[in-house]
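Trainee: Next come a sequence and a model predicted from it.
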Amino acid sequence: MNYNSGNARRNFYAKWDKLREEYQAAGMKEDAIQKMYEYDLAVFNDDRAHHRYDVEIPNAEDSENRNDYVEYVRATTVTDTYHETKTRFAWVGEVQNERLQSGLEKLSDDDLELLTLYVYEGYNTVELSKVYGIAQQNISKRILKITKFLKNFNFRGVE
């Protein structure tokens, strides 16, 4: 329902006509009544000015505004596809291919750490075998396994 300025003003004047009569009957001076009226009018005008800029947020139950609500939720929801728990692997957020980025986010932290060291930081399999304390062949197998998994997400593989 929209704000009806004319109707609100009529209600304000009607309310103040009654208040003026009550204040006069109570013996209030006319200048005091006028000052109260001017104050209330200033507050009314201030509230009315804010109504111009207020936007009612639709709710989910309001069937009339369901599409507006869906649009509101879509516009105000921030979807961060990169989880905060993986901030060590910030480079994943820089990947341009959304499908590949989605695949990278599905990897375990251990696989992401290996991939970060191998691809992003440039370690070779011999160096990685020393870091992890396992055979070079095992490092190569893990990299191959990660590469096969990422091929499902449009990853060409490592050369």
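Mentor: Structure received.

Trainee: Let me know the helix or strand that Phe12 is in.
Mentor: Using DSSP states H and E, Phe12 maps to helix 5-25.

Trainee: which residues sit against that helix?
Mentor: Identification of contacts with helix 5-25 by Cβ atoms under 8 Å, 6 or more residues apart in numbering yields 30, 32-33, 36-37, 40-41, 44, 48, 51. C-betas here are computed from N, CA, C, even on glycine.

Trainee: Now, of these, which are buried?
Mentor: Buried subset of the contacts of helix 5-25 (neighbour count, 16 or more other Cβ atoms under 10 Å): 33, 44.

Trainee: which residues of the chain score low on pLDDT?
Mentor: Residue ranges of the chain with pLDDT under 70: 1-4, 48-89, 154-159.

Trainee: Give me the domain ranges for it.
Mentor: The chain breaks down by automatic domain parsing into domains covering 5-76, 84-151.

Trainee: Tell me which of the ones you listed sits most buried.
Mentor: Highest mean neighbour count of the domains of the chain: domain 84-151, a mean of 14 (counted as mean count of other Cβ atoms under 10 Å).

Trainee: for the longest helix seen in the chain, packing partners?
Mentor: Assignment by DSSP state H gives helix 30-53 as the longest helix of the chain. Here helix 30-53 touches helix 5-25, going by 3 or more Cβ pairs under 8 Å, 6 or more residues apart in numbering; DSSP states H and E.

Trainee: Now do the contacts for the closest residue to Tyr132 other than its chain neighbours.
Mentor: Among residues not flanking Tyr132 along the chain, Ile139 sits closest, at 6.7 Å (Cβ to Cβ, 6 or more residues apart in numbering). By Cβ under 8 Å, 6+ apart, the contact list for Ile139 reads 114, 125, 128-129, 132.
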